[in-house]
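my questions concern the predicted model and sequence given below.
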Amino acid sequence: MTPKRILRGQLVDFPMEGQIRHEEKGALALGKDGRILWRGAFAKMKREWRELPTDDYGDHLIIPGFIDAHIHFPQYRLLAAPGKDLLDWLNRFTFPEEGRYASKAHAVKAADIFLDTLIAHGTTSALAFSSVHEGAADALFAAAHARGMALITGKTMMDRNAPEPVRDEAEAGGIASERLIKKWHGLGRLQYAITPRFAITSTPEQLAVSGALVKAHPDCFMQTHLSESHPEIETVKRLFPKAKDYTDVYDKFGLLGPKSFFAHGIHLSPRELARLAEAKSKVVHCPTSNTFLGSGLFHLTRTREAGVGAGLATDVGGGTSYSMLATMGEAYKVAMLNGIKLTAAHEFHMSTQGNAELLGLKDVGTLDAGKCADITVLDPEATPVLARRQALSTTLEDVLFSLMILGDDRAIRATYVHGKRLHHRKSK
Ligand code: GUN
Ligand code: ZN
């Protein structure tokens, strides 16, 4: 097959934890099917391919697109809402904003903005919450499909402790989820996530409906929130007095499994971690959200050592940035406060192949031939501060480290989704 386009630059990817794979004067050949046809040194590429249309990024870094393992579509403009804590933030800011997604017209417009913002930040895949409204999830799926994105999302289910515009009912919420699964799950690169918001906003009946959906659709994802803040944990205890702990609430309703993703998991007991590990369920670290809402310091090492896979995510709009670079920077600081030192190699792996493996997304995560061409191009000297810092960098680890501490969307030179360039910043 003849490639459709050649990309030139430094190829950098992270196939294994803590490992950086690097081709300094590299080339990627993208096929007509939107996949990577060939990777290697430009000097070793077939001579006849040199005449093909080429995007030459010089010494910029060509990396796999970032994957955000937890984000909220209907919070796309809600960043920086000053809640006292999680529950106050949800009640005063989040639920009223999410209520606006009852309007299909609002959701359709918002879906384009949301996905284009992800792409402008170098993020090519996400596991996302939609709002409680079926039409909003529908709009988000349609917008992702139009862009060829591998998006996993679902209609949020919440039938109590929230105002009427963001509530559904247990049975009706289940039926709407079924309709969306039938319509979207497995279409192109889309997948469905069964999405009970969290134990506080779902009745036992709704959690039972969620469990039945998980059982009926084992190939779908399940996403919810778990053990984020102390007042949240206390409330769950009051609502479910018979449960052993917060994790046990979900467990009793059949919500633990290998495709179950629990956002946060900051204050889990050893029993809860052991049970999550046994069920092969995952937790997702959302550092900018955890520091912004004052929820606590997620302990990556403790989680991993318990055998629980941990992803990395922005959690916009509790999170304060769409940028996975900024998110890695905050994860570094949270780890430092826990006495753990993370490397850039470790964190870039988490944001790409690590999240891909956790989500079971086999055709993204690295720049290997055969993978989908979901690609981000980073300019390590995108800002004056970065440029001056890079003058001191002596290794690739150092270049990547400065990018994750100081970088944001200004460092995203280009983003490709399924082989198509959907974002581009002119070179300085
Ligand atoms: N817990 C339940 N809903 C939410 C949400 O929207 N954001 C965060 N950070 N935590 C939650
Ligand atoms: Zn969340």
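Thanks, I have the structure now. Numbering: from 1, shown residues only. Ligands and ions are numbered 1, 2, ... in the order given.

contacting residues for whichever residue of the stretch 101-250 of the chain sits closest to ligand 2?
Ligand 2 sits closest to residue 225 of the stretch 101-250 of the chain, with a gap of 5.6 Å, by C-beta to the ion. No exception for glycine: its C-beta is placed from N, CA and C like everyone else's. Contact analysis of residue 225 by C-beta atoms under 8 Å, 6 or more residues apart in numbering lists 197, 198, 262, 263, 264.

ok, and which of the residues you listed reach ligand 1?
For ligand 1, the contacts drawn from the contacts of residue 225 by C-beta under 6 Å from any ligand atom are 197, 198.

in TSV, list the contacts of residue 225 along with pLDDT and secondary structure.
Putting the contacts of residue 225 into TSV (pLDDT from 0 to 100; DSSP: H, G, I helix; E, B strand; the rest coil) gives the following:
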residue	pLDDT	secondary structure
197	98	coil
198	98	coil
262	99	strand
263	98	strand
264	98	strand
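
any chance you could list what contacts stretch 35-44?
1, 3, 8, 11, 23, 25-31, 45, 363, 367-373, 419.

let's see that with 7 Å instead.
1, 3, 8, 11, 23, 25-31, 367-373, 419 (C-beta atoms under 7 Å, 6 or more residues apart in numbering).

need the three-state assignment for the residue of the stretch 101-250 of the chain closest to ligand 2.
Secondary structure assignment for residue 225 (DSSP: H, G, I helix; E, B strand; the rest coil): strand.

give me the buried positions along the helix or strand residue 58 falls within.
Assigned by DSSP states H and E, residue 58 belongs to strand 54-64. For strand 54-64, a neighbour-count test (16 or more other C-beta atoms under 10 Å) marks 54, 55, 57, 60, 61, 62, 63, 64 as buried.

the helix or strand following it close to ligand 2?
Using DSSP H and E, the helix or strand that follows strand 54-64 in sequence is strand 66-72. No - applying C-beta under 5 Å from the ion, one finds that strand 66-72 is not in contact with ligand 2, the shortest distance being 5.6 Å.

quick one: mean pLDDT for the helix or strand following strand 66-72?
Note on strand 66-72: by DSSP H and E, the next helix or strand toward the C-terminus is helix 86-89. If you average the pLDDT over helix 86-89, you get 98.

and for stretch 120-127?
For stretch 120-127, the mean per-residue pLDDT is 98.

start at 778 instead
Fine by me, first position is 778 from now on; the one you just mentioned is stretch 897-904.

put the alpha carbons of that stretch into PDB.
Extracted as PDB, the C-alpha positions of stretch 897-904 are listed here (Å, rounded to 0.1, in the frame of the first residue of the first chain):
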ATOM      1  CA  ALA A 897      -6.500  21.300  20.600                       C
ATOM      2  CA  HIS A 898      -5.000  20.000  23.800                       C
ATOM      3  CA  GLY A 899      -3.600  16.900  22.100                       C
ATOM      4  CA  THR A 900      -6.200  14.500  23.500                       C
ATOM      5  CA  THR A 901      -7.400  12.000  20.900                       C
ATOM      6  CA  SER A 902      -9.500   9.600  23.100                       C
ATOM      7  CA  ALA A 903     -11.400   9.900  26.300                       C
ATOM      8  CA  LEU A 904     -13.700   8.100  28.700                       C
END
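
that one near ligand 1 at all?
No - between stretch 897-904 and ligand 1, judged by C-beta under 6 Å from any ligand atom, nothing touches; the nearest distance is 13.6 Å.

residues in contact with that stretch?
842-848, 895, 926-929, 970, 998, 1000, 1038, 1099-1101, 1136, 1138, 1141, 1151, 1153, 1186, 1189, 1192, 1194, 1200.

now do stretch 1113-1132
Residues outside stretch 1113-1132 that contact it (C-beta under 7 Å, 6+ apart) are 790-792, 794-797, 840-841, 843-844, 846, 1074, 1076-1078, 1088-1089, 1101, 1105, 1108-1109, 1112, 1142-1143, 1174, 1177-1178, 1181.

circling back to that earlier point, neighbours of the closest residue in space to the residue of the stretch 878-1027 of the chain closest to ligand 2 that isn't next to it in sequence, how many?
Distances taken as C-beta to C-beta, 6 or more residues apart in numbering place residue 975 nearest to residue 1002, at 4.0 Å, with adjacent residues excluded. Number of residues near residue 975 (other C-beta atoms under 10 Å) recorded here: 25.

wait, isn't residue 975 in contact with residue 1001?
Yes - if you go by C-beta atoms under 7 Å, residue 975 and residue 1001 touch, sitting 5.5 Å apart.

name the nearest residue to the residue in the chain that ligand 1 sits nearest to, ignoring sequence neighbours.
For the chain, the residue closest to ligand 1 is residue 1095, as judged by C-beta to the nearest ligand atom, at 3.3 Å. Spatial nearest neighbour of residue 1095, chain neighbours left out: residue 1066 (3.7 Å); criterion: C-beta to C-beta, 6+ apart.

just the element for that neighbour, please.
Under the criterion of DSSP H and E, residue 1066 resides in helix 1064-1069.
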